[in-house]
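>>> Have a look; sequence and predicted model below, questions after that.
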Amino acid sequence: MGEPPTKPTCRLIRPSDTYDGKQGLTYFAGIAAETVGSQAICMHLLTIPPGGRAKAHMHESHETAIYILDGEGLTLYGDNLEHHILTKAGDLFYIPAGVPHLPVNLTDKPISAVIARTDPNEQESVVLLPELEEVAEAAIARIAKQMA
């Protein structure tokens, strides 16, 4: 006979460990299948340093919700990263499943955010979009010039 199933229980995570995401940013480990056995949600903290940015990517079948704690960031989004939005502390930002996006910090202060996704695995649904990197660089340069 095998072991009896483990009864789910509440778990506390104090985000001190970090991991490098496929997107090119370093995340603080949080709530995920890998840390607490979650089955339908992932939530972690992210700090984007001044001048930092992610690689163009999407989350194929999962929605993302972001709460900006500190700082001001730019997110490019859309099939060709043709749209952008500026987020600041206190903002909530939603990214539908399958939408290409790329966050970037054009300021001299870090951005801190809480990120929640409907994928319990921290990195499983990440799909890198290297074909959009050239477009992203041009868009970031154009927007940075407009903001200066």
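Here it is on my side, so go on. Small disclaimer: the values here were computed from a predicted structure and weren't measured.
>>> bridging residues for the residue nearest the centre of the chain?
Nearest to the centroid of the C-alpha atoms of the chain, with distances taken as CA atoms, centre = their mean, sits I115, at 5.9 Å. In this entry, I115 is beta-bridged to H44, I66, by DSSP bridges.
>>> residues contacting it?
For I115, the contacting residues are Y27, M43, H44, L45, L46, T64, A65, I66, by CB atoms under 8 Å, 6 or more residues apart in numbering. Backbone N, C-alpha and C define where each C-beta goes, glycine included.
>>> how about the third one, what does it touch?
When you say that, I think you mean H44. Contacts were defined as CB under 8 Å, 6+ apart; by that measure H44 touches P15, Y27, F28, A29, G30, I31, A32, V114, I115, E122.
>>> ok, now how distant is it from A33?
12 Å (CB to CB, to the nearest Å).
>>> Strands of the chain, start to end?
18-20, 26-31, 42-48, 57-59, 64-70, 72-77, 83-88, 92-95, 101-104, 111-117, 126-128 (DSSP state E).
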